[in-house]
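Student: how would this look folded up:
(one chain, ligands or ions: 1)
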Amino acid sequence: MPGIVDRVGTVRGRPTLALTFDACGGPGGRGYDADLIALLRAERIPATLFLNERWVRVHRGLTAELARDRLFAIASHGSRHSPLSVDGRSAYGIAGTRSGRGVLAEIEPNQRLLTEVTGTVPRWFRAGTAHYDDVAVEIVRRSGLRVAGFTVNADDGATARPDSVRQRLVNAPDGAIVLAHMNQPRGATCDGLRAALPALKAARTRFVRLT
Ligand SMILES: [Zn+2]
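Tutor: Model prediction:
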């Protein structure tokens, strides 16, 4: 949809990937994949972390710590993790917001909280479920945020098996924004990324944050 960024700039000769990790929060979603973050740090792989307000409220200190690490850019994954709509359209059975006011209620509280906790105003937004209608996208943009889509869904909400995560990463096209999760430590996201790294390194893959 127009207004949703789903690719990043590329360079000649080296593939570029923008890894993005969502932390969805809420029941069943407030975990923290410490191994994944440790792997990114050990390998010096930059990433953009999309944090939901509910997750930040549980992990306030951790959010501040992640924001202090220049490897990571902190972005917003909404307040209640609702699909973004002005007429209640749902995604995956999750009810969407029902009005322009509802869209703003999904954007503004987390924007304030993240600014307070990290000292930096987030510049990127990805709604819960990453589903939008066109008016909602325009409202996000007029709020001064860019809407982050994705090219590759790498982990199906952290339910994919390690080899599937590995394959999706290795096969991601040049300039892809890769969507995965950092809130499901029992998922296979970390193992899949670790397994993909030899091939990605052999290809001299350049990892970038959303900027
Ligand atoms: Zn999410």
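
Student: Against Ile94, how distant is the residue of the chain found nearest the ion?
Tutor: Proximity of the chain to the ion (Cβ to the ion) peaks at Cys24, 3.2 Å away. For the C-beta atoms, the positions are set from N, CA and C on the backbone; glycine is no exception. Separation of Cys24 from Ile94 (Cβ to Cβ, to the nearest Å): 11 Å.

Student: where along this protein do the strands fall?
Tutor: 4-5, 16-23, 47-51, 72-76, 124-125, 146-148, 152-153, 176-181, 206-207 (DSSP state E).

Student: Tell me the pLDDT of Met1.
Tutor: The score at Met1 is 88. That number is its pLDDT.

Student: Quick check: mean pLDDT of stretch 143-161?
Tutor: 96.

Student: anything in that stretch near the ion?
Tutor: No - Stretch 143-161 is not in contact with the ion by Cβ under 5 Å from the ion; minimum separation 7.5 Å.

Student: Buried ones in that stretch, by neighbour count?
Tutor: For stretch 143-161, a neighbour-count test (16 or more other Cβ atoms under 10 Å) marks 145-152, 154-158, 160 as buried.

Student: Convert the C-alpha atoms of it to CSV, please.
Tutor: The C-alpha coordinates for stretch 143-161 follow below in CSV (Å, rounded to 0.1, in the frame of the first residue of the first chain):
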residue,chain,number,x,y,z
SER,A,143,1.9,12.0,13.1
GLY,A,144,5.5,12.4,11.9
LEU,A,145,6.2,8.6,11.7
ARG,A,146,7.2,6.4,8.8
VAL,A,147,5.3,3.1,8.4
ALA,A,148,7.5,0.0,8.4
GLY,A,149,6.2,-2.8,6.3
PHE,A,150,8.3,-5.9,5.5
THR,A,151,9.6,-7.8,2.6
VAL,A,152,10.1,-11.2,4.3
ASN,A,153,8.2,-12.6,7.3
ALA,A,154,11.1,-14.7,8.8
ASP,A,155,9.5,-16.4,11.7
ASP,A,156,5.6,-16.4,11.5
GLY,A,157,5.3,-14.8,14.9
ALA,A,158,8.2,-16.9,16.2
THR,A,159,6.3,-20.2,15.4
ALA,A,160,8.5,-21.2,12.4
ARG,A,161,11.1,-23.9,12.8
